[in-house]
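1. sequence and computational prediction follow.
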Amino acid sequence: MARGNHGRSVFVPNFEANWRNNYMALRPLGSGSFGLVCEASPKERIDCTRLHSRYLNLCSRSLSNVAIKIVQTHWSFKQECKILRRIDHPNLIRMYETFEHRDASKNLTECAVVMELCRGGNLREFMSCVANAPIDVYRHIISQINCAGQHLHHSKILHRDIK
């Protein structure tokens, strides 16, 4: 495992392939000007014997459902992946792998980031569900956000879209 990764497996190769070869989209989770995020399931188990030893951590994580962010803008994809590779904190989403698929007939590149799936909606939805919770629940949530924000700050990363 990578140094300081809080006991979490991280697998981040770049493929010149289509994410649809490895994952099956199940349902949309959200969309916006950036693109689309969907829940997906791995199509088959990964053969650990083929992987280089530094990627064997992938086999230790369960191959459960993931979130896949699909974008058409190549530059923002490269920037986001560069940042996601740098962060490693238990209160921040993990990136597992990336895909780039160039469709010459449509003259576009579809980029996909395969990430940890976090159920429960966004922060606003969650906070409305626990509206009558004890104050300690709110303290814990704010503490986790603060801890993640400090980690990003120390890594010289500005997050402008906290969810």
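-> Ah, there it is.

2. helix or strand for Ile83, which one?
-> Assigned by DSSP states H and E, Ile83 belongs to helix 74-86.

3. could you point out which element follows that helix?
-> strand 95-103.

4. report the mean confidence score over that following strand.
-> What strand 95-103 shows for mean pLDDT is 82.

5. what strands line up against it, and which way round?
-> strand 14-15 (parallel), strand 108-116 (antiparallel) (DSSP bridges).

6. the helix holding Ile83 packs against which elements?
-> strand 95-103, strand 108-116 (3 or more CB pairs under 8 Å, 6 or more residues apart in numbering; DSSP states H and E). All C-beta atoms are positioned from the backbone trio N, CA, C, and that covers glycine.

7. circling back to that earlier point, to Asp136, which of the strands paired with strand 95-103 lies closest?
-> Nearest to Asp136 among the strands paired with strand 95-103 is strand 108-116; the distance by CB to CB comes to 25.8 Å.

8. and that closest one, which residues are buried?
-> Glu110, Cys111, Ala112, Val113, Val114, Met115, Glu116 (16 or more other CB atoms under 10 Å).

9. contacts for that strand?
-> 18-19, 23, 40, 66-74, 77, 80-81, 84, 93-103 (CB atoms under 8 Å, 6 or more residues apart in numbering).

10. many thanks, have a good one.
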